[in-house]
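In: this is a predicted model, with the sequence first.
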Amino acid sequence: MPKIVFNCPDGSQRVVEARSGSSIMETGTKSGVPGIVAECGGALACATCHVYVAENYRALVGEAGDFEDEMLEDAAAERKENSRLSCQIPMTDELDGIEVTVAPEQ
C-alpha cells in the first residue's frame, strides 16, 4: 500500500497507508489526521481539506482543475503555488511516500 506523510498543523507528522484509488482526504480523515476537516466529504464543495504538496510531488499530482482552483481562492489559509484540495488527489502506487502539509486553517 502506498504511504502518505502528513505534516500536521500542530507540528506532528503522521505516516499512514492509503488504498490505491482513495483520495488523500479520505485517507486522512479515516486515519484521524488533525486539520483535515472535509466538511463536504470530498464533493468539491468546500476548501476544508486544503494541503500544500511537497515540491518533488507536484508534477505527479498535476495542477488543480478550474473548479478546484476556484475553491482554493476561498480557502481560509493562504493559497500557495503548491496548494491543492486533498479530496482531488487520488492515491496511486506512483505517489507512494507523498508528503503534504495540512493548511493551518480550514
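Out: The structure has been received and is ready for your questions. All values derive from a computational prediction rather than experimental measurement.

In: mind checking how far the residue minimising distance to the centre of the chain is from Gln13?
Out: For the chain, the residue nearest the mean C-alpha position is Ser86 (2.7 Å; C-alpha atoms, centre = their mean). From Ser86 across to Gln13, the span is 16 Å (C-beta to C-beta, to the nearest Å). Glycine gets a C-beta too; all of them are placed from N, C-alpha and C.

In: now stretch 22-38: mean pLDDT?
Out: Computed over stretch 22-38, the mean pLDDT rounds to 96.

In: may I see the buried residues of that stretch?
Out: For stretch 22-38, the neighbour count (16 or more other C-beta atoms under 10 Å) marks 23-29, 33, 35-38 as buried.

In: now, among those residues, which is nearest to Ala76?
Out: Taking C-beta to C-beta as the measure, Ala76 lies nearest Val37 of the buried residues of stretch 22-38, at 9.7 Å.

In: what about the strands in this structure?
Out: Assignment of strands within the chain using DSSP state E yields the ranges 3-7, 13-17, 50-53, 83-85, 98-102.

In: can you tell me which of those strands is most buried?
Out: Highest mean neighbour count among those (mean count of other C-beta atoms under 10 Å): strand 50-53, with a mean of 26.

In: mind giving me the packing neighbours of that one?
Out: Packing contacts for strand 50-53, counted by 3 or more C-beta pairs under 8 Å, 6 or more residues apart in numbering; DSSP states H and E, involve strand 83-85, strand 98-102.

In: neighbouring contacts of it?
Out: Here strand 50-53 makes contact (C-beta atoms under 8 Å, 6 or more residues apart in numbering) with 24, 36, 61, 72, 75-77, 80, 82-86, 89, 98-103, 106.

In: 7 Å instead, please
Out: With contact meaning C-beta atoms under 7 Å, 6 or more residues apart in numbering, strand 50-53 is reached by 24, 61, 75, 77, 80, 82-86, 100-103, 106.
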